Structures are given as structure tokens and as C-alpha cells.
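**Student:** Give me the fold of what follows.
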Amino acid sequence: MGRKIKFMKTILALIFTIIVLIGFHTYNYLEIQSLKFSDKWGRGIEIGKAFVNREPIIGTYKDKLLIATFNKEGRLLCYLMSKTGKVLESNLSNEDININRIKNIYLFENKLFYVKDNKLKLSYYNEGAGFTESVKLLDNIKGFTLSKIQDELYIGTYGDKNIDIYKFENDELKRIYEMNNKWNVRNIYLKEVNGGKYIFIADKADLNVNDILLVRFDKLDNEAKKIMNIKSGFNAVIRDIKIEIVDNKIFFAYLVTNTKNRSRTYLELKVLNAETFNLEVSRKITDSYINGVAALGGNSISVYKENGKIKIICSGINMRNKYAMYSDIFELEVDKQGNILNVIFISNTGGQSKRPSFIRTEFGDYLAWLDIEVNGYKLFVNSKNKDFISENNIYTKNDYITAFYRALASPFYALAFGFLKGMESFLYVLIVFLPVDFILRKYRIDKENIKFKIFLSLYIVLNLLLFRSTFYSGYTVFFLPSYLKFKFAPYIMPLILNLISGAIIYIFYKDNKKLSYISFLIFFIAVNIYLSSLLYVPFAMTKIILK
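**Tutor:** Numbering: from 1, shown residues only. Coordinates of the predicted model:
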């Protein structure tokens, strides 16, 4: 009868070692997932879902945040969130609020304004109940905007005949200004400039030209004045225009997408003097002019002001993050002359981030955006709120699950690479071992333990010589963490792996002492190649695993 080979203890030791290395890779993916590139902003967290490619709508409810997206049918899906990022409840709107039949929509505090069937409607959000039944405010409306000026809410509307300005107070609209609509209005904006209240009108004068008109609505008999035009050029699309006023400057920022040149997108920035309304700066900003950014894109931007500067939030690939494959959300800091002072990346989700939406509240600045997934979008939120940053600066259950699933692929990549590495090692072993075996036979050295020690020593030396070129080159070394890239790592790490392999082979030897030395040698080499591959190969596959 043949000998019964005992594997149980050896298998358990090998499984334990594999689990430890999977844990190591899980930790590495946790570190990658939690990378931050800004001290002012926190860590983006997923709070919900979206199914329509539109920027999230953000409002407030007391000391909480309201963030709304849309479900597959187009109905409003609203999340009530604490200022620290905890979702308190989610509600679905009634069927009347459906983005497929709505022209534009705004959320101010807990008030939802929208235009449907040429009617301006209003719905309120109440905690525990969701949105109320909508009430009609106005008829014959094509579009509208709203703005908070001097602590009062103003609503501007436009239809086929008129452009009107209303003050919203005590849940009612009071018209304060009316003018004839003589233009092909793309949009209107309400802003305070040097104490005056103005309407900015974007008139689609031509296929590729938008005239910007200005009217002061807190004075009577004020004619519209053309202050500049915005040209997109042929085969180009102008995205939504954002306007912000800082001290004595008026900033216009918008994206332009060239539909013929692989949909290449650039940012257009114009700065006007707030007293004369003369154009002072006109700048086309491509990703080549933005330090650390590639593939500037998306359909929307957000703009706000801080400390006398403009902040423009866009999406693009973070070139400072070697793990980034898709667009993340970043923030440009721009001075009054239109110069880019700083670039800060706000998100690092590992997915394609788009559609940023910003809000400034009494309890901090918040940003929401969408991440593309197979069946829609993930809804993410980030904030400058200190409590939010502190609360979300720890790993979540979802972080652990995602990192663990990614690490689970490691043994399979190691197995595939280990097979190829084994074939290569077999050739080296033949080249080195055959002459040595010939010498041993010639001098009639027959003791098994001596042969084993000689061939094992030869393999260890061979492994040390080849380890650097095998595992410390190309993509592998590029993605290695710093604690595996110290000066003597290519020499210390193979020794550590040899010791671990030796411990496993010793367990195997204790249960199977009567096997030939060649069995132990082959088993040692196989285990060593596999464990080396399990430790290092996943780093070379980082881009694939992170997808």
C-alpha cells in the first residue's frame, strides 16, 4: 500500500497565511478609498440613489439638509439628512412632480418651486410626511429663477409676453416689477450689484450667440442694456451659465462642449466691472491650464464666493491621485483678475463623478454630486462642516465590504500569475539544478537531507537575485505602498516570504517525514511562488481591481 500523505495541518496553515494577506490587501484598499486631497472638505459619503442625469437639488429644513434626485419614473426622490451626513428619512413625491414634465425646478429651504404645463407651482416638505400637494402660483410661465437678496426671496419669471419679478413672503407672491419680453430668453438671473437689484437676461440671439442683457428692477422705467455676448462657435454647446458677484466684479462662468472634437469641454470665464459693466477679463480655460487636472468634463458646474475669491466646482481626473481612472469633483479658486490660484479635489470615490451641486447654509457648506453606476447613479455628499468631517473620517461598514470584495480577487490573480512564474522558475531551476545534480552524483552525495539543503539554498539565492526584476518593476512598483518600497525591501521581503514558506513546509514535513526530499523542495518552491505572487501581483492589477 502507498503512503497516506497528510495535508490537513498544512492546508490550514496555508489558508491562514492567505487570509492574512487578503487582510493586508483589504487594508490597502481601505487606504486608497479614504484618500483625501483637501483639509477643508470632509470625505464624500454615499447617501442614496438617482436615476436621472441631473444635478441634485439641495435645500434646508430647519437644521437639516434636503437633497433631491429623481427615480426611474422621473418622480422626485428626497433625502432628509442631518448636518453630519446621516440620512433620517427618504420620501417619494406625488406624481405631479415629475422631471419628465417639468421645465425647471428649485428647492429653497423646504419650498419646492417648479414649472409644469406653463404653471408655476409650489410644494412644501414636512418631516415625516414628505412633500405636500402642489398649489398653483402663476399661469403662462415658461421658466423662472429665484434668489435670496437682502434676506428676502425674489422670484423672476418669463413667458411669451412678459418678464416679471415677484417677492415671496407669507407664502404669497407680490409682483414688484414687470417688463415686456422682447427676446428669445434662455434664462434669467436675479443678483444684487452694489446695492442695486438687477435682472440678467440670457437672450439666445443666434444659434451660436447669447446676448447678456441687464435691467435694474428696483427702479422704474429702466431699459434693458446689452453688456456683452457669449459665443459658443460652431459645433459647440454652452452649458448652464453661472453668475456671482465679488466686491466690484461680476463673474460669468460656464462650460462649453465641442461636440465635434470628441466632446472636448472647456471652461469659459468672463469678468465685468460692477460699476461700468464693461468686460475686463475673458478667459478660455482648458484642462491643460489647470494644474493636476485632466479630461475636464461634465454638463454642469457650481459657483460660490469665499474670502473675496470665486470658487468654481467642476469635474475632471485627478492627476495627483495615481489610482484615479475616472472624473472626480474639484474646486478652482479664482481671483478677481480671473487667475487660477489653487486647485483642490473634493471627491475620491473611484467612480465617474459628475453634476456637482453646492449650497451654503447657516451650518456650513455642502456639496452633492452623482457617481455613475450600472443602473443609474449613486448620490454622494461632502461638506466643510466640522461635525460632518469628524463623523465621516472613519471607515464605514460599506468601506470594509467594498475593500474586502476587492481583496478577495487577490488569490485568483496570484494563482494565474503564479502559474506563469512557476513555468519561468522551472526553466531557471533546470539551468541551475541540473549541473549541481550532476556534481552531486559524480561525488556520490546521496544523503537526502544534504541534497535538500543544497538545492533549497540554491533556490533561495536564485529567488533573491530574481525577486527585484520580478516584483519591483512596472505597474507593480508604481502602486506599491511606501512601506513596501524602502531601499532594502527587494532583499528583505523575499527572505520574509522564504521564512513563511519554510514554516509551512516544516508543518508538511512533520506529518510526512517519509516522503522524498524532492517532494519537499517542489512544495516549498510552489508555496513560495504563490505567496510572493499573492503579496505583490494585486498591486500590478490595481487599475483593474478598482474598476
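
**Student:** Would you map out the domains in this protein?
**Tutor:** According to automatic domain parsing, the chain comprises the domains 8-30+407-546, 35-394.

**Student:** The ones you listed: which one's closest to Y400?
**Tutor:** Closest of the domains of the chain to Y400 is domain 8-30+407-546, at 7.2 Å (criterion: CB to CB). Quick note: C-beta positions are derived from backbone N, CA and C, even for glycine.

**Student:** Can you tell me how far Y27 is from K510?
**Tutor:** According to CB to CB, to the nearest Å, Y27 and K510 sit 32 Å apart.

**Student:** where exactly do the strands run in the stretch 301-450 of the chain?
**Tutor:** 309-318, 328-334, 340-345, 353-361, 364-373, 376-383 (DSSP state E, counting those that start in this stretch).

**Student:** Put together a markdown table for those strands, with mean pLDDT and mean neighbour count on each row.
**Tutor:** As requested, the strands of the stretch 301-450 of the chain are exported to a markdown table (pLDDT from 0 to 100; neighbours: other CB atoms under 10 Å):
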| stretch | mean pLDDT | mean neighbour count |
| --- | --- | --- |
| strand 309-318 | 95 | 23 |
| strand 328-334 | 96 | 24 |
| strand 340-345 | 95 | 16 |
| strand 353-361 | 96 | 21 |
| strand 364-373 | 96 | 22 |
| strand 376-383 | 96 | 23 |
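
**Student:** just so I know, which of those lies nearest S300?
**Tutor:** strand 353-361 (5.5 Å).

**Student:** How about the helix or strand encompassing V20, which residues are buried there?
**Tutor:** If you go by DSSP states H and E, V20 is part of helix 8-33. Within helix 8-33, the residues that count as buried by 16 or more other CB atoms under 10 Å are 10, 13-14, 17-18, 21-22, 24-26, 28-30, 32-33.

**Student:** and the longest helix belonging to the chain, average pLDDT?
**Tutor:** As assigned by DSSP state H, the longest helix anywhere in the chain is helix 410-442. The average pLDDT within helix 410-442 is 79.

**Student:** Just want the angle from it to helix 8-33.
**Tutor:** 130 degrees (axes from the mean of the first three to the mean of the last three CA atoms, to 10 degrees).

**Student:** Of the domains of the chain, which stretch is the most buried?
**Tutor:** domain 35-394 (a mean of 18; mean count of other CB atoms under 10 Å).

**Student:** Need the distance between the two termini of that domain.
**Tutor:** Start and end residues of domain 35-394 are separated by 12 Å (CA to CA, to the nearest Å).

**Student:** for stretch 484-493, same thing?
**Tutor:** 8 Å.

**Student:** before we move on, what about stretch 246-265?
**Tutor:** The first residue of stretch 246-265 is 26 Å away from its last residue (CA to CA).

**Student:** List of residues touching the helix or strand harbouring S469?
**Tutor:** Taking DSSP H and E as the definition, S469 sits inside helix 448-471. Helix 448-471 has contacts (CB atoms under 8 Å, 6 or more residues apart in numbering) with 421, 428-429, 432-433, 436, 440, 445, 477, 490-491, 493-495, 498, 516-517, 520-521, 524-525, 528, 532, 536.

**Student:** Let's see the pLDDT reported for D287.
**Tutor:** 89.

**Student:** Thought C314 was touching it, still the case?
**Tutor:** No. Counting by CB atoms under 8 Å, C314 is not a contact partner of D287; they are 9.5 Å apart.

**Student:** Looks like G159 contacts K119 (just checking).
**Tutor:** No. Here G159 lies out of contact with K119, judged by CB under 8 Å, at a distance of 10.8 Å.

**Student:** Now list whatever residues contact both of those two.
**Tutor:** Common neighbours of G159 and K119, counting by CB under 8 Å, 6+ apart, are I141.

**Student:** Could you name every residue contacting both of D287 and C314?
**Tutor:** Common contact partners of D287 and C314 (CB under 8 Å, 6+ apart): L296.

**Student:** so what's N208 up against?
**Tutor:** Residues in contact with N208, defined by CB under 8 Å, 6+ apart, are 231-234, 236.

**Student:** swap that for T349, sorry
**Tutor:** By CB under 8 Å, 6+ apart, T349 lies in contact with 44, 46, 328, 371, 378, 380.

**Student:** In a markdown table: these, plus distance to F471.
**Tutor:** Compiled in a markdown table, the contacts of T349 are given as follows (distance: CB to CB, whole Å):
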| residue | distance to F471 |
| --- | --- |
| G44 | 33 |
| E46 | 35 |
| D328 | 30 |
| D371 | 33 |
| K378 | 35 |
| F380 | 36 |
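
**Student:** so, if you compare these, which one comes nearest to Y506?
**Tutor:** Closest to Y506, out of all of these and judged by CB to CB, is E46, at 46.8 Å.
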